[in-house]
Each structure stands twice: as structure tokens, then as C-alpha cells.
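K.L.:
Dropping the sequence and predicted coords here.
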Amino acid sequence: MTAQRAARNAGRSLDTAVTYLTGVGPARADALRRLGIFTARDLFLHIPHRYEDASTVSAIAKLRIGDDATVIGTVISKGVIPTRKGLRVFQAVVQDSSGLIEASWPGQPFLDRAIRKGDVLLLSGPVRFFHGRVLAPREFVNLGPEDSANGTSGGRVLSVYPATEGFSFKQLRALIEKHLDEYLPLFKEYIPTDILHSASVPTLPDALRAVHRPRTLAEAHAGRARLAFEELLCVHILQLRAKALARETRAGIRFVNKRVLTSRLKSLLPFELTGAQVRATREIVKDMTSPQRMHRLLQGDVGSGKTIVALFAALLAVENDYQAAVMAPTELLAEQHARTFSALLAPLGLSPLLITGSLSARERKAAATRLASSEPLIVVGTHALTQEGTQFARLGLAVVDEQHRFGVEQRLALGKKGARPDVLLMSATPIPRSLALTLYGDLDVSVLDERPPGRQPVTTARRPEKARAKVFDFIDAQVAKGRQAYIVLPLIEESDKSALRAATKEYEELRTGRFAKRRVALLHGRLDAVDKDDTMRRFRDGEIDILISTTVIEVGIDVANATVMLIEHPERFGLSQLHQLRGRVGRGAEESFCILLGDVSPEVAERLEIFVSTDDGFRIAEADLQLRGMGDLFGERQSGEPTFRVADPIRDRELSELARDGAERLLGSDPGLASKANKPLHDVLAKRYGRALELFRVG
Ligand code: ADP
Ligand code: MG
């Protein structure tokens, strides 16, 4: 308390501009600005990106050529040496208790002024061979003269900060160190204690002390965790609050659960719904019968049976005299849904309307007339549904299948075809729950995490290149039994000509060679949509035995007779992508096979082993996420990902779950964060996130 009063008396506040700190002149203030540091608060929230301690520092004598190491040693000699090419190299010989090594900085003669004989340096970088061992520092910290640097090398944890030109690690560290004690008391905890407790993270002042001046690495990490938790908590609060407010202002259609058509469909189904399907359907019915618009994402692994769930939702709309639209990314898939629906709905006296780009003018006109007539019906189609000419008289439900294949505008356009229709998005890309919450914060999520019964798991195996002939024999035997097979080749980009050539070449070889007696076809992204659909259609109708393809094979396509998925160059695919491909087979009663063919490195083999050993799409997605990051899971980065300074939404997923729970608890009891206990948090949110003020406005 006295420290705080002293600080206030001295006119200090966290909003003080860094220029007012002793030790910061105009040049340094400029450098700090480049690091995003404007105020004292910013300075203390600039946290180390890594730490060094005895456990990460190597003994100089033990360094081997090729190592990448960190050492701490005293400069025993130094100088600038010109090279023949006119480059000036700064060199220093550093020594620790075990031995000495030369360090060399080409093109940095100015370091001769910054580093003195007797200074203790922390160096990290690769050890190279050049007339002996030479360390090529990637980074270094000058810890100062030997006597004052004592203790740092002697077991303490050293903080290493992101630095910039004109402001070294050491200077930053010294600046923070110098002012930490004065300013720390000004940082007030604003997150309620029980929320901090439930995540086992320290308070803000403790965390800041721990990240800047840790006694142990564990302490530093705990401090970092607190700062990451805080960021995640704030984002979750904003998302939950935005969602709640959106729901309030999201007046929609209140459907009545009449149980007329839906019950009849249930009794007519050739199978029992899985528990997950029942659960998801119930969640959807609850949304649709509430006065708010539904915004729900139905997420389920390939083959988990999303289509039927969508059909139940559509029937609920129809029995309320509304129209329901199901949009699919390709004509083929739209047709498939139309067929499925036709078969299931015939006994109910209903038939779905199909609208795609390839309808004739006459068909299109007939369809338009039906749509405009306010007849309750189910419409299946491609993005043609969103086009201007397509007008719905009474759209009550918009379903978007394989939603990630549509742009945001297309998804929105369908919703705009009616007066606030309920919206159901469906996706087969399994996204771990925590990530789904971060990415789709404004959506409710239902998950189909159960597979329909009786489905045999696909037998999955890796085979080396030398087994190629045997693998082809196996495919031939399957075809002889009347089955069909896919052979998939990687294609990095649609414009990848060499991959295209590879696919074409393999096709020609197999068509004229090993599979000359079989009906073989080639499918790739360069074909136009009509040819592509035509080929897929012939495969579906059993007119093609073996389909050689790049990764363009239809994601949602259901060909029960296909029993082999052969994947060439499996190392070029992400695990989730492999899993999507595997989902093309195993859809019928026959045993199905997924074969990864080719020689791969031991590391790749290890990665592929995860895929071979499980057919749980969520586990695979988790593994993919850890191995390759979020971008690869989706094929591209999602826009609008929240950005964080400290938190990493992937690595800190557990923390994110805790933060989510905390946010739910906070808002559950105090939706506007208006209570006295929550006011500090509310104020920080409002200040930090500007628009949060809007989100929190009541009425
Ligand atoms: P996806 O979730 O990949 O879109 P689909 O909806 O295409 O999956 O369903 C895959 C297959 O499983 C379809 O042939 C469908 O008829 C069948 N199916 C769906 N639900 C069940 C169930 N409860 N029991 C048995 N088969 C089912
Ligand atoms: Mg599907």
C-alpha cells in the first residue's frame, strides 16, 4: 500500500507514457513504439518470449559441430576482422568453467563497441565448423561485466524479450527490472478470485512478477498461463455475451412441434436413429420451436448421418406450412440428397424439388412457380438457390450442407431468401470442441459423435512401394467381385501441372496396362463441372470400376459399392484429409479397405500411424491440429480468428476450456457484469475491446 501511495505521489500511473520513465529518451521511445509499447502498462505486458536457465544452457566444452545450443561465457578476447570479400566480422572468444569457443558475427563490426572484454554473454545459435568450432549466434544477450552478471549465470532464470533494433534484450530487461517494483503495485486484479482459483492461475501482480523475474521456469510458465487465461477469458465473455444479445434481438419463426410428418418419417425409417442423431434432432427442434432464430452448426464425422437429421428439421418446417431449403456444394450432392429425400418422403406423399444450374429453362420456370406459390415443400439445390431468379414464398428453414465449402456471402444469401428463416449449417470437418467454440463463437453446436450401427470399420494399412503389384492385384480381385475402387493422387494446387501429368500418366498406364480389362476413368480439377459430375455419376451408377482421381472426389458422395480407397503419396496429405478420403468407402455392407501406398520417412510413418490406428475423426483432427496447426485442418486460414498477444488458442486449449467455463459461470449469474464484484472486469473489457461497450449496452 505504501508503495502504491508512493507511486501515486510521484505522479505515476500505468497510463504514463514511456518517455516519462527514467532511462527512456526520444530514440528509445521510438524503438519501444515499434514493439507496440507506448505506456508503462504496455511495457510490463511486454513479456519474455523465452527463458534461459541452467537446464537450457550447455557447457562450452560439450558443444559439437551441428548442435544448436545456448551458452553463457565471459569474453576473454575480441576484435573486428576484415575478410577478403570486404565483409567485416566481429569475433569474440568466450569462456565458461568448462572451456572456450569462438563466436562470430559477420557484417556486425559495430558490436565491437557494445561488447567489452570481461562482459558475460548469453549466446544461442548453431555450432559450425570453420578452422575449428565456431558459434554463429542467432541471438545474444550481454549480461554485463562479470562481477555484476554473477548470479545470472549461477542458476537464476533469465528472461529473454522480443527486442528490436535500437533496443536490445538487455536494455529492455534492465528497463523493466528497474521500474518493476514501482509499477507492480499499480496493477490491480480485476478477475474475480474464484474464477482465478478454478483455473489455478496466479493474480495479475504475481503473474507479472513471475514472468519478468521468475525464480524457476515453472513459475515463469504459471505467470504466462495467467496472462493467456485472461485473454481467453475476455474473448469468451465477449463471444458469449454477443451470442446472448444476438439471440435476444434474433426474433424468428416459432415453429410448433406437431409431430405429424416427423413422427411418420420416424416410423418409416429403415433404421433406428443413433443416440447422437436423436440428441441433435432434439436440440434442433428446441431451437426451431423457440421464438428466436436458430443458428446451429451440426458437426459430424463422414457417414455419421447428418442428412437424416436435416430432413427431420425440414419436415418440421413443412408441417408448419413453411418451405425448407437444403443447399449442397455440387450438383451431384444436391441430386444425391434429392434422391434420398424422394425415397424417404414418397410414403408421406411429398416429393422434394431439385434446383440446380443445369435445369432447362422450362424446368426452371416450373420450379420457380412452385416456390412462389407458398406451397410448403422441401427444396434441394446448389448455390442456384441463392440466385436472384429463385424466390421463395415462405422460406422457414435454410440448411447448408458441407458449409465450409461455401463462402460467407453464399451462406448469408440463402438465409436472406426468407423472412428470418432458421439456419442449420452442417460440416464433416471434425473440429475439436474447444476450437469450434473459438471459431464459431456465435453458433450453437450439435455433434454427431456416434456412428450408425452395423457399419464395419474400414480396414486401414500402409504398404511399401515394392508391394505395388500386390496391391493392384488386390484391387483387381475386389473389382472381380463386383466392387469398385478409388485411386487418389495428391494435387497440391489446381494449377499444379506436374501433379496433373502424374495423374494422367498413372491413368494411361493403368488403363492400358494392369487394368486394361477394367473400366477406368480419370477425374481431376481441370475438368469442367459438367464432365466431373458426369464421371462421378457413372461411377455412382456402377459404370466405372476404378476411379483415378486427384483430391477432387466429392466429399459427401455415397457410393456403397466402393470398397477400396488407395492413396498414393500419403505423406502429402493431412491426417484429416486422409480421414475424409477414407470416409468415401465403408458405406455398404461389404468390408472396405483404405491403403496408403508408398515409401515414407520414419517421421511421416509415425504420423500416418495415428491415422491407421484410429477411425475417430475427432482424435485425428486433434492430432492434425497439434502436428500441423489450424491452417491445414481447413486447407486455409479462417478469417476473423481472434488474435492474441500471449495466448495461443491451439496450444492453450485446456486453458481455453477453463476460460470458457469461467465465462459461462460469470455471465450465468450476472449477464451484464454489472455487480460490484464484476465491475472491474467489465470496465477492463469495455476499455480494451472498444466495441464491447456496444455489446454490453442494455436495451
Ligand atoms: P454424412 O453425415 O456424412 O452426411 P449421411 O447422412 O450421408 O452421412 O449418411 C451416411 C449413410 O448412413 C447414409 O446411407 C444413411 O442412409 C445412413 N444412415 C444414417 N443414419 C443411420 C442410422 N441411424 N442407422 C443406419 N444407417 C444410417
Ligand atoms: Mg453429408
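P.N.:
It's in. Ligands and ions are numbered 1, 2, ... in the order given.
K.L.:
Test of understanding: give the bridge partners of Asn142.
P.N.:
Beta-bridge pairing for Asn142 (DSSP bridges): Leu121.
K.L.:
least trustworthy helix or strand in the chain by mean pLDDT?
P.N.:
The helix or strand with the lowest mean pLDDT-type score in the chain, counting by mean pLDDT, DSSP states H and E, is helix 630-634 (a mean of 37).
K.L.:
where does the residue in the stretch 351-500 of the chain positioned nearest to ligand 1 land in three-state SS?
P.N.:
When scored by CB to the nearest ligand atom, the stretch 351-500 of the chain has Pro452 as its residue closest to ligand 1, at 3.3 Å. (Each C-beta comes from the backbone N, C-alpha and C, glycine too.) Classification of Pro452 using DSSP: H, G, I helix; E, B strand; the rest coil returns coil.
K.L.:
Tell me the pLDDT of it.
P.N.:
Here the pLDDT value assigned to Pro452 is 87.
K.L.:
Over to Asp147?
P.N.:
On the pLDDT scale, Asp147 is placed at 61.
K.L.:
what does Ile195 give?
P.N.:
We have a pLDDT of 95 for Ile195.
K.L.:
Shouldn't it be within a strand?
P.N.:
No. Counting by three-state DSSP, Ile195 is located in no strand; its state is helix.
K.L.:
Next, the contact list for it, please.
P.N.:
Going by CB atoms under 8 Å, 6 or more residues apart in numbering, Ile195 touches Leu233, Gly662, Arg665, Leu666.
K.L.:
so how far is Lys188 from it?
P.N.:
Ile195 is 15 Å from Lys188, where distance means CB to CB, to the nearest Å.
K.L.:
any low-confidence regions in the stretch 301-450 of the chain?
P.N.:
407-409, 430-442 (pLDDT under 70).
K.L.:
how about the residues of it that lie near ligand 1?
P.N.:
Val302, Gly303, Ser304, Gly305, Lys306, Thr307, Ile308, Ala428 (CB under 6 Å from any ligand atom).
K.L.:
Which of those residues lies at the shortest distance from Val89?
P.N.:
The shortest approach to Val89 among these belongs to Ala428, at 56.7 Å (CB to CB).
K.L.:
shouldn't that closest one be in contact with Gly300?
P.N.:
Yes. Applying CB atoms under 8 Å as the test, Ala428 and Gly300 come out as touching, 6.8 Å apart.
K.L.:
overlap in contacts of those two?
P.N.:
Overlap of the contact sets of Ala428 and Gly300 (by CB under 8 Å, 6+ apart) consists of Lys306.
K.L.:
for the helix with the most length in the chain, packing partners?
P.N.:
Across the chain, the longest stretch assigned as helix under DSSP state H is helix 217-248. Identification of packing neighbours for helix 217-248 by 3 or more CB pairs under 8 Å, 6 or more residues apart in numbering; DSSP states H and E yields helix 204-212, helix 433-439, helix 653-669, helix 679-688, helix 692-696.
K.L.:
Output the below-cut-off pLDDT ranges for the stretch 51-200 of the chain.
P.N.:
54-55, 146-156.
K.L.:
ok and the residue in it nearest ligand 1?
P.N.:
For the stretch 51-200 of the chain, CB to the nearest ligand atom, closest residue to ligand 1: Ala199, 35.3 Å.
K.L.:
Where does the prediction get shaky in the stretch 551-699 of the chain?
P.N.:
Scanning the stretch 551-699 of the chain for pLDDT under 70 picks out 552-556, 625-644, 649, 688-699.
K.L.:
Just confirm Val447 is within a helix.
P.N.:
No. Read with three-state DSSP, Val447 is strand and lies in no helix.
K.L.:
Contacts only, for it.
P.N.:
The contact partners of Val447, by CB under 8 Å, 6+ apart, come to Ala276, Ala280, Leu298, Gln299, Gly300, Arg433.
K.L.:
Recalculate using a threshold of 6 Å.
P.N.:
Residues in contact with Val447 (CB atoms under 6 Å, 6 or more residues apart in numbering) are Gln299.
K.L.:
in which helix or strand would I find Leu424?
P.N.:
For Leu424, the host element (DSSP states H and E) is strand 422-427.
K.L.:
Against which helices or strands is that strand packed?
P.N.:
Packing partners of strand 422-427 (3 or more CB pairs under 6 Å, 6 or more residues apart in numbering; DSSP states H and E): strand 295-300, strand 395-400.
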